[in-house]
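Undergrad: One predicted model, sequence on top.
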Amino acid sequence: MRRLGLIAAIVILALLAGGGYTALAGAAVYQDLDSGRQALVAAQASMRAAAGTGDPAELQRAAVQLKAAERHFNDAHARSSTDPALRLVGGVPRAGRQLAASTHLAAIGGDMSRAGEGADAVAIQLADLKQKYAGRTLTADDLQAALQAAQAVARTYSASIQAISQQLRAAHAERAEVDTAELVGPLKDAYDAVDRALAEADTSFRRYQDVRQVLSDFLGIQLPP
């Protein structure tokens, strides 16, 4: 009897320890998701500020913030999809839906961070062009140099536009996997924010797809085809 009691106590302690670890793992996923969100929001603020001032320092700051956001979202995705304790909890239907939604949320955050990194890299090149040529009366040599620089940016921009498009499609595909009806409040709120962010990203992407027109408007000169 005492032996059975000892075995029962060991099992209970093991379950408690397992539950404690699962709680810690879940908290780590939440922390990474929240840190990723904060870094992404900060990057968006930096990029908005740079759009008004053309300050390259703001764009460089955004690049660091976007990279941090991507890292946090990747960590959250890796933990939520591979941690043994969380995978065990994922077998419970209601908890499993919340965990799957968290995994998709981390993937969406990573996709949006990478899309932002592509857009920011082009914005940095545009800011350099602006500092060099905007507000000046261009000589013939200046104009030729500006055109060559703009065409180089256009090539980078075209490649970036394709990469950004792929990242946004991936984010939408992840979003389509999630039905928010049965999510807990904070997670549902996070998806509401994701929907707004994706809509804003789609609008910006459509506006800036015409590479040459964006550059022509920016420099005040018509780029050749």
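TA: Looks like it arrived, so ask away.

Undergrad: need the helices for this protein, in chain order.
TA: Using DSSP state H, the helices of the chain run over 2-53, 56-82, 84-89, 93-133, 140-176, 185-207, 211-219.

Undergrad: TSV for the ones you listed, including mean pLDDT and mean neighbour count?
TA: Just so you know, the C-beta spots here come from the backbone N, C-alpha and C atoms, and that holds for glycine as well. Listed next are the helices of the chain as TSV, based on pLDDT from 0 to 100; neighbours: other Cβ atoms under 10 Å:
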stretch	mean pLDDT	mean neighbour count
helix 2-53	65	14
helix 56-82	90	20
helix 84-89	63	16
helix 93-133	83	20
helix 140-176	81	16
helix 185-207	84	14
helix 211-219	62	17
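
Undergrad: in the chain, which residue is closest to the centre?
TA: Geometric centre of the chain, nearest residue: S113, 2.2 Å, by Cα atoms, centre = their mean.

Undergrad: So for that one, what's the nearest residue that isn't a sequence neighbour?
TA: If the residues on either side of it in the chain are set aside, S113 comes closest to E70, at 3.9 Å by Cβ to Cβ, 6 or more residues apart in numbering.

Undergrad: How much space separates the one you found from Q144?
TA: Distance, E70 to Q144, by Cβ to Cβ, to the nearest Å: 38 Å.

Undergrad: likewise H104?
TA: Taking Cβ to Cβ, one finds H104 at 49 Å from Q144.

Undergrad: How about the contacts made by the closest residue to V184 other than its chain neighbours?
TA: Spatial nearest neighbour of V184, chain neighbours left out: Q98 (6.0 Å); criterion: Cβ to Cβ, 6+ apart. Listed by Cβ atoms under 8 Å, 6 or more residues apart in numbering, the contact set of Q98 reads L183, V184, L187.

Undergrad: Would you format those residues as TSV with distance to T82 included?
TA: Formatted as TSV, these follow (distance: Cβ to Cβ, whole Å):
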residue	distance to T82
L183	22
V184	22
L187	20
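
Undergrad: any idea which of these is the one closest to K132?
TA: L187 (46.5 Å; Cβ to Cβ).

Undergrad: which ones are touching A145?
TA: Counted by Cβ under 8 Å, 6+ apart, A145 has zero contacts.

Undergrad: Who's the closest spatial neighbour of R37, skipping the chain neighbours?
TA: G109 (7.0 Å).

Undergrad: what about the one you found, distance to A181?
TA: Applying Cβ to Cβ to G109 and A181 gives a distance of 21 Å.

Undergrad: Any idea how far stretch 49-69 is from the middle of the chain?
TA: Counting by Cα atoms, centre = their mean, to the nearest Å, stretch 49-69 is centred 14 Å from the centre of its parent chain.
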